[in-house]
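# A predicted structure for the sequence below; I have some questions about it.
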Amino acid sequence: MKSAIRSVLIAVSLGACHGSSPAVAPTPDIATDTTPVVTLERTPCFGRCPVYRVTISRSGLVQFEGKRFVADSGSDSARISSQAVADLLGQLEQGGFYGFDEKYVSGSKSCGPYATDLPGVITSVDDGQRVKRIEHDHGCSEAPAALASLENKIDQVAGTARWTGH
């Protein structure tokens, strides 16, 4: 009996080693990659401006965190197509996102005359080749209108209206 058990254990051990191969790091699968490629955070104003953060991954996972003055406070998520994400990245590129200054805030050279008490937006994009982060205080009169348009485009693609009520 002992020799039969020993034979089975040896056979199992050899079989386990037979098909083994060196460890290979898995290649990220675009369909399941949940690393954010686009992040948009709307910051407070003096009034009742919605305050939230939304991230979009390459796979289309949209994660929302509502903080203040939104219809749904707290965290939630949804899915969009990976093609919608690719299209958004293309629109950000074509809209000049990577060419904008990094800061349009009070005191920065790109701000111009400043109005207080308006909301701000912090946008980050990592397209796999470039990373860009822009702080945009809407009180800066000389911030490009195209930047605000791209911020709104991110909201539109992410579908944040379902959570903000706006």
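On my side now, so go ahead.

# Three-state assignment for Leu88, please.
Look at Leu88: counting by DSSP: H, G, I helix; E, B strand; the rest coil, its state is helix.

# these two touch, right, it and Ile154?
Yes. Contact between Leu88 and Ile154 holds when scored by C-beta atoms under 8 Å: they sit 6.8 Å apart. Where C-beta positions appear, they are placed from N, C-alpha and C, glycine not excepted.

# Kindly point out which residues are neighbours of both of the two.
Jointly contacting Leu88 and Ile154 under the rule C-beta atoms under 8 Å, 6 or more residues apart in numbering are 38, 56.

# So what's the residue count around Lys109?
With neighbours defined by other C-beta atoms under 10 Å, the count for Lys109 comes to 9.

# make that Leu118, sorry
Number of residues near Leu118 (other C-beta under 10 Å) recorded here: 15.

# cool, Ala78 as well?
Neighbour count for Ala78, taken as other C-beta under 10 Å: 16.

# now swap in the one 3 residues further on and tell me
The number of residues packed around Ser81, counting by other C-beta under 10 Å, is 11.

# show me what contacts it?
Contacts for Ser81 (C-beta under 8 Å, 6+ apart) come out as Gly60.

# Any figure for the gap between it and Tyr52?
22 Å (C-beta to C-beta, to the nearest Å).

# Distance check, Asp126 against Phe100.
Here the criterion is C-beta to C-beta. By it, Asp126 lies 16 Å from Phe100.

# Neighbour count: those two, which is higher?
A direct count of neighbours by other C-beta under 10 Å for Asp126 and Phe100 places Phe100 higher, at 19 against 16.
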